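Visitor: Would you be able to build a 3D model of this:
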Amino acid sequence: MYTASDDIVWKKKKDVIVLLNTKLGYYYTLNETAGALWQEMLVDNKSFEDAVKTIKESFDVSPSEEQIISDCDEIIKNWLSEGLIGEKEAD
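Guide: I've put the predicted structure just below:
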């Protein structure tokens, strides 16, 4: 499970999620898939597998599950490397 880093504030307006790294002053606008992944995993606290399932169901013409998993995995790696998220300790 993941959580937003302490230096990250975010806002959702309609279907767009924007992140601000308050320490560095960088803004990030999430695309549709990244926004859905943020909502599912960081806001709704769903597992990666459940988030992928929800994202797959949201497409009118769905890419393969393998493609969604690959894309979401890459997004998470990028968020970790940018310091946008950290791993949440188990309750």
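Visitor: okay, CA-based contacts and neighbour counts for the rest of this
Guide: Noted.
Visitor: So which residues of the chain form helices?
Guide: 32-38, 48-58, 65-82 (DSSP state H).
Visitor: And Ser47, how close does it get to Lys53?
Guide: Noted for Ser47: a distance of 10 Å to Lys53, by Cα to Cα, to the nearest Å.
Visitor: likewise Trp10?
Guide: 24 Å.
Visitor: now, of the helices of the chain, which is deepest in the fold?
Guide: Highest mean neighbour count among the helices of the chain (mean count of other Cα atoms under 10 Å): helix 32-38, with a mean of 19.
Visitor: starting at the chain centroid, how far to that helix?
Guide: Relative to the centre of its chain, helix 32-38 is centred 5 Å away, using Cα atoms, centre = their mean, to the nearest Å.
Visitor: Who are the packing partners of that helix?
Guide: strand 16-21, helix 48-58, helix 65-82 (3 or more Cα pairs under 8 Å, 6 or more residues apart in numbering; DSSP states H and E).
Visitor: Could you tell me the average pLDDT over stretch 80-91, please?
Guide: Averaging pLDDT along stretch 80-91 gives 85.
Visitor: Residues contacting it, please?
Guide: The contact list for stretch 80-91 (Cα atoms under 8 Å, 6 or more residues apart in numbering) reads 1-5, 7-8, 21, 79.
Visitor: Mind doing that once more with 10 Å?
Guide: Stretch 80-91 is contacted by residues 1-9, 19-21, 28, 38, 42, 74-79 when judged by Cα atoms under 10 Å, 6 or more residues apart in numbering.
Visitor: and if you look at stretch 42-58?
Guide: 1-4, 32-34, 36-41, 62-69, 71-73, 76, 85, 88.
Visitor: low pLDDT regions in the chain?
Guide: Applying pLDDT under 70 to the chain picks out residues 90-91.
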